[in-house]
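Could you look at this predicted model? Sequence included:
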Amino acid sequence: MKGRSTVTIETRSLSKRYGRKYAIQDVSFTVASGKVTGFLGPNGAGKSTTLRAIVGLDHPTSGTALIGGRPYAELGAPLHEVGALLDARSAHRSRTARNHLRWVAATNRIAKSRVEEVIDLAGLSTVADKRVGGFSLGMGQRLGIAVALLGDPQTLILDEPVNGLDPDGVTWMRGLLRGLADEGRTVFLSSHLLGELSLIADHVIVIGKGRIIADKPLSELVDTTETTQVRTAAVADLVKVLTGPEVSTTVLSADTVEVSGLSAEQIAERANVAGIVLYQIAPVTRSLEDAYNELTRDAVEYRATGAGS
């Protein structure tokens, strides 16, 4: 493995306008190396536009996008520095996976031996000599990842990399991305699978209606003041003994109260002193999905209506 340097992705007041409508506006953030950074947002929020602007596929109306301090167009050997997966179906359908990788390698001065390495790494060994046109969505994703890794880049930019993968493939992808970040690389990916992203992301950036609405470590996004749900027949009495300047209580039903500001142990101790019997006491965790839904509640451009909404 070649030595790793600190390379970041940075956008500065990045904007892209189509006519009078902004796809993204004043988008500024930094993606650090050595971490997995998730990029989230509703459909139409501007994720793809941002990613395309970073790798030079879309020219911004204003602002800049930099990788290691330089625009993508100024990188000396782009595939050796940045691996991108923005369209898993970009390979020519009549080529085999191996021939497609060899063609990409040849045009970027990459050794044939590296082609065999990424074929193995991406789990393509059994289908390497099959035509891409017959690939499933999941196998197409693996091929796209193989192309992204071909130049052994420091920076990975991936749009929905787990899309179409089966459960084994999702687990494989999780381990791969985590491992790449642990090597010191910059890993930036978008995903709609919030539960899966919460297992590997260190940092999360959320975009809504073309603007950044959150940019913070995953732990800060999902961790709030400790909240505990308690069941007891004496809800009113429990609320009285828990009252304090840093404590808030919310009665959810005749036998259930939610408590913030006290640990489960502190609640149990106070209840015991007061002779209150507790039926159940359990911490309430805030998931990435909860945080995301709260952040994007007013930023969803296309919202379904009906019984399932």
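In hand now; what should we look at?

end-to-end on stretch 112-132?
19 Å (Cα to Cα, to the nearest Å).

Offset the numbering so it begins at 408, please.
Sure, I'll start numbering at 408, so the last one becomes stretch 519-539.

Can you name the residues in contact with that stretch?
498-505, 507-509, 512, 542, 546-547, 549-550, 552-554, 556-557, 559, 576, 579, 583 (Cβ atoms under 8 Å, 6 or more residues apart in numbering). Using the backbone N, CA and C atoms, a C-beta is placed for each residue, glycine as well.

One more pass at 6 Å, please.
498, 500, 502-505, 508-509, 512, 549, 552-553, 556-557 (Cβ atoms under 6 Å, 6 or more residues apart in numbering).

now, the most widely separated pair of those?
The distance between the two most remote of these (Cβ to Cβ) is 21.7 Å, for 500 and 556.

With neighbour numbers in mind, choose between these two.
Neighbour count, other Cβ atoms under 10 Å: between residue 500 and residue 556, residue 556 has more, with 20 against 11.

Count the neighbours of the nearest residue to that one once chain neighbours are set aside for me.
Nearest residue to residue 556 in three dimensions, chain neighbours excluded: residue 525, at 5.1 Å (Cβ to Cβ, 6 or more residues apart in numbering). Counted with other Cβ under 10 Å, residues neighbouring residue 525 total 23.

Give me the pLDDT value at residue 525.
Note on residue 525: pLDDT of 97.

before we move on, what about the one 3 residues further on?
Among the per-residue scores, residue 528 shows a pLDDT of 94.

Residue 579 now?
92.

likewise residue 474?
If you check residue 474, the pLDDT there is 96.

coming back round to it: could you dump the contacts of stretch 519-539 to TSV with distance to residue 570 and pLDDT?
Shown next, in TSV, are the contacts of stretch 519-539 (distance: Cβ to Cβ, whole Å; pLDDT from 0 to 100):
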residue	distance to residue 570	pLDDT
498	16	83
500	19	88
502	22	93
503	22	96
504	18	95
505	23	96
508	20	96
509	25	96
512	25	95
549	11	94
552	11	95
553	16	96
556	17	96
557	20	96
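
Report the beta-bridge partners for residue 660.
Counting by DSSP bridges, residue 660 is bridged to residue 663.

mind checking how far it is from residue 637?
According to Cβ to Cβ, to the nearest Å, residue 660 stands 11 Å off from residue 637.

between those two, who's got more neighbours?
residue 637 (26 against 8).

residues touching that one, list them.
Counting by Cβ under 6 Å, 6+ apart, residue 637 has contacts 664, 688.
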